[in-house]
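Colleague: sharing a model that was predicted from the sequence below.
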Amino acid sequence: MKDLNISARFIKGVGPSRLSTLNKLGIETIHDLLCCFPRRYEDRSRIKKIREIRSGNFETIKAKVITFGDHMSKKGMNIFQVAVGDSTGVIHATWFNKPYMKDKFKIGQELILYGKAERYNYLQMNNPEYEVLTGTQEDFVHIGRIVPIYPLTESLNQRWFRNIIKFTVDNYADGISEILPFEIRKRNDLMILKEAVRNIHFPVSDLVLKKARKRIIFDEFLILQTGIALKRASIKIDLTGYGHKMEGDLMGRFKANLPFEFTKSQSKVIKEIEDDMKSLEPMNRLLQGDVGSGKTIVALYALMLTVQNGYQGGLMVPTEILAEQHYRNIKELVENLGVKVMILSGDLKEEERRRRRHMIEIGEVDIVIGTHALIQEGVNFKKLGLAVVDEQHKFGVMQRAMLKSKAQNPDMLIMTATPIPRTLALTVYGDMDVSVIDELPPGRGGVKTFFFEEKNREKAYRIAEEEIKIGRQAYVVYPIIDESEKSDLRAAIKMHKELAGLFPDLKIGLLHGRMKSKEKEAVMHDFKDQKINMLVSTIVIEVGVDISNASVMIIEHAERFGLSQLHQLRGRIGRGKHMSYCILVSKPKTDDAKQRISAMLKTQDGFRIAEEDLEIRGPGEFFGTRQHGLPELKIANIVRDREILEVAKKEAFDLVQKDRFLRSPENRLIRESLLKKFSREDLALASVG
């Protein structure tokens, strides 16, 4: 068996300089070369007669060399030309500044050429790909076949790299070990792995390429899902939870004290959380709900259950504004029940921070709310029973793990108002139980969404002015703080001054990320108390801010925001009983920007928005799996390859159910592949979402 883990420098044509460039692409071994899959393909297999080719098209022809030679242009450029012909005509192939080309050809030699056909005074191809005919069509590398195009840097060219891959595949593909048990291959009609690798690089037909891709994609998903299945089994089997009691005096008083009733959807989710918390397995649950659906009160219910059972609860949020808002709202609901609530923010003076940390450590505090300050060194809970993370997409997996590590196996509740499309829930959150709040509390006035081009901006401000006249408030959001960041964009600081001049009778506030926490807090207090009519802001108000009297959201340069950001911003309004208006002011130039605007106008359903966002951006950008402690996918795409993902997930979970530690001989190579893809730390982290 050939060793695939030896350096790529042993491949013919790879010298020290090229090896260094390959290393920068993450290619160090022969195995890495075999697994550097093409980004796309060009079908150069259809060979035409010269008279059949069309000017402006990329074409493949077979012809004989009639004559060749080179000359210097007036600007000193070497121009080398070959005239080739078949029984139907002649075409000229031209290469620039490549004088060595004259040593490549002989009169009467038969060539295959591929390039863009163009007609000036005569038919020609500039810098075409070529092969000299010496063997059968199967021996072709660059033309006369379906040709792989690789993701390379500028310092590597496709022709050289293709030759390197061809040599590697021809000489080393036989050394690839089959990792899948025969039964899984048979059940899913999967190609043998070594054949899949051969054909993903140099497919003999479209059908064979499709089968090769299916096999490689299946393997990527199977390894990913097996890692997730192992983590899920670890949480369910190996870890011990607290087994909380559900009923008690505190919960009775808390429920009686609430000024509203839970929706059916909230009640269903509360039942799921109760079932988790009374079991002896730690809760590991993702709570999804659209903006304004009432996730926070459900999280508070879980926190109160924890407190009733003698434990502390921690709530981590992404911004100081949101921490302050949650602190005020939660304190108002539970302080008269004897529950001690504390906020731990980043801008506390050292002495006060030490005092609060001490109170947490000796158990004088029941519920602690904070940002990243909650996971800093020196914050130690006496008895943390539940860790809640709000707006999880704002935190990396390491941060969530640090909160969880403040106790032994605490219950974990992750909340998101950016709904996770089902395909992502299968991957990024595959080891978690998922709850969904899919209805809004009653009595909401609804939101209408409009799109105005920049030239019609005044209409947007007229709507805001009319709403303010009847006692409402408005947000105006900009993508940047000041113009030094990006000169072609309107910026929050400058526009705050302009709007103050435009509406002298209105109180215009300003909020952005460079302000100190106390300043931001004061502005939000004034806005909530209706001392500010119009709030000019950056994206800092994207998450969680709840001002029910605000009825207008004007988003300037809407094309600069992601779709989920636009949806989150729209979620800041429509929280009261009156009708609200979200106005997108934009001049979208790209197709993606137009798609985002169109999606906002079409629907207010967060799950549909999330699916659209995933389609527009692709899974990598939507939710980089690196952030979640999961391996990257090389060619599998969770949107495009959804069906293969579903099948691979089932096979993976069945594998782990039958062979918990993958110790049987037929699963040994899956286990080895898993440990190469997941670090042991990744496997430990996947359980925190």
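Modeller: Thanks, I have it. Numbering: from 1, shown residues only.
Colleague: wait, isn't Glu129 in contact with Ile143?
Modeller: Yes: the criterion here is Cβ atoms under 8 Å, and Glu129 meets it with Ile143 at 5.3 Å. (C-beta placed from N, C-alpha, C; glycine too.)
Colleague: who touches both of those two?
Modeller: The contact sets of Glu129 and Ile143 overlap at Arg44, Leu113, Tyr114 (Cβ atoms under 8 Å, 6 or more residues apart in numbering).
Colleague: most neighbours of all the residues you listed, which one?
Modeller: When neighbours are counted by other Cβ atoms under 10 Å, Leu113 leads the shared contacts of Glu129 and Ile143 with 24 neighbours.
Colleague: quick one: contacts for it?
Modeller: So Leu113 contacts Thr60, Ile61, Lys62, Ala63, Val84, Ile91, Ala93, Met125, Pro128, Glu129, Tyr130, Ile143 (Cβ under 8 Å, 6+ apart).
Colleague: just checking: what are the partner strands of the longest strand anywhere in the chain?
Modeller: Taking DSSP state E as the criterion, the chain has its longest strand at strand 58-72. Take DSSP bridges as the rule and strand 58-72 pairs in its sheet with strand 47-48 (parallel), strand 78-86 (antiparallel), strand 110-119 (antiparallel).
Colleague: turn those into CSV, columns for distance to Lys497.
Modeller: Output for those, formatted as CSV (distance: least, Cβ to Cβ, whole Å):
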stretch, distance to Lys497
strand 47-48, 65
strand 78-86, 60
strand 110-119, 54
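Colleague: can you add distance to Ser177 and mean pLDDT and give the ones you listed back as CSV?
Modeller: Below are the strands paired with strand 58-72 laid out as CSV (distance: least, Cβ to Cβ, whole Å; pLDDT from 0 to 100):
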stretch, distance to Ser177, mean pLDDT
strand 47-48, 38, 92
strand 78-86, 45, 95
strand 110-119, 36, 93
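Colleague: between these, which one is nearest to Lys2?
Modeller: strand 110-119 (31.3 Å; Cβ to Cβ).
Colleague: now do the buried residues in the helix or strand following that closest one.
Modeller: Downstream of strand 110-119, the first helix or strand assigned by DSSP states H and E is strand 123-126. Using 16 or more other Cβ atoms under 10 Å as the test for burial, strand 123-126 gives Leu123, Gln124, Met125.
Colleague: Asp605: which of those residues is nearest?
Modeller: For those, the nearest to Asp605 is Met125 (51.3 Å; Cβ to Cβ).
Colleague: quick check: closest non-adjacent residue to the closest one.
Modeller: Gly115 (3.8 Å; Cβ to Cβ, 6 or more residues apart in numbering).
Colleague: from memory that neighbour sits against His142, does it?
Modeller: No: counting by Cβ under 8 Å, Gly115 stays clear of His142, with 11.1 Å between them.
Colleague: which neighbours do the two share?
Modeller: Residues touching both Gly115 and His142 (Cβ under 8 Å, 6+ apart) are Glu129.
Colleague: list the contacts of Cys276.
Modeller: In this structure residue 276 is Asp, not Cys. Gly241, Met283, Arg285, Asp411, Asp433.
Colleague: go again using 6 Å as the cut-off
Modeller: Neighbour list for Asp276: Met283, Arg285 [criterion: Cβ atoms under 6 Å, 6 or more residues apart in numbering].
Colleague: do the one 4 residues further on as well
Modeller: By Cβ under 6 Å, 6+ apart, the residues touching Leu280 are Thr240, Gly241, Gly243.
Colleague: select from those residues the one having the most neighbours.
Modeller: Gly241 (19 neighbours).
Colleague: per-residue pLDDT, the nearest residue to that residue once chain neighbours are set aside?
Modeller: Spatially, and ignoring its direct neighbours in sequence, Gly241 is nearest to Pro282 (4.1 Å; Cβ to Cβ, 6+ apart). On pLDDT, Pro282 comes in at 88.
Colleague: and Pro282, how many neighbours does it have?
Modeller: Neighbourhood size, Pro282 [other Cβ under 10 Å]: 23.
Colleague: quickly find the element holding it.
Modeller: According to DSSP H and E, Pro282 maps onto no helix or strand at all.
Colleague: ok, now Val90?
Modeller: Secondary structure from DSSP H and E places Val90 in strand 89-96.
Colleague: list the buried ones in that strand?
Modeller: By neighbour count with 16+ other Cβ under 10 Å, strand 89-96 contains the buried residues Ile91, His92, Ala93, Thr94, Trp95.
Colleague: surely the second one is in contact with Gln124?
Modeller: Yes: in terms of Cβ atoms under 6 Å, His92 counts as a neighbour of Gln124; the distance is 4.3 Å.
Colleague: sketch out the low-pLDDT regions of the stretch 251-400 of the chain for me.
Modeller: Residue ranges of the stretch 251-400 of the chain with pLDDT under 70: 392-400.
Colleague: so which residues of it form helices?
Modeller: Under the criterion DSSP state H, counting those that start in this stretch, the stretch 251-400 of the chain contains helices at 264-278, 295-308, 320-334, 350-361, 397-404.
Colleague: now do the third one against helix 295-308, angle only.
Modeller: With axes from the mean of the first three to the mean of the last three Cα atoms, to 10 degrees applied, the angle from helix 320-334 to helix 295-308 works out at 60 degrees.
Colleague: what is helix 320-334 packed up against?
Modeller: The contact analysis (3 or more Cβ pairs under 6 Å, 6 or more residues apart in numbering; DSSP states H and E) places helix 320-334 against strand 341-344, strand 367-370, helix 517-528.
Colleague: can you redo those as JSON lines with distance to Gln595?
Modeller: Compiled in JSON lines, those are given as follows (distance: least, Cβ to Cβ, whole Å):
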{"stretch": "strand 341-344", "distance to Gln595": "40"}
{"stretch": "strand 367-370", "distance to Gln595": "37"}
{"stretch": "helix 517-528", "distance to Gln595": "32"}
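Colleague: and Lys589, how many neighbours?
Modeller: When neighbours are defined as other Cβ under 10 Å, Lys589 has 9 of them.
Colleague: what's the distance between the closest residue to it other than its chain neighbours and Gly144?
Modeller: Take Lys589 and drop its neighbours on the chain: the residue closest to it by Cβ to Cβ, 6+ apart is Glu559, 7.1 Å away. The spacing between Glu559 and Gly144, counted by Cβ to Cβ, to the nearest Å, is 44 Å.
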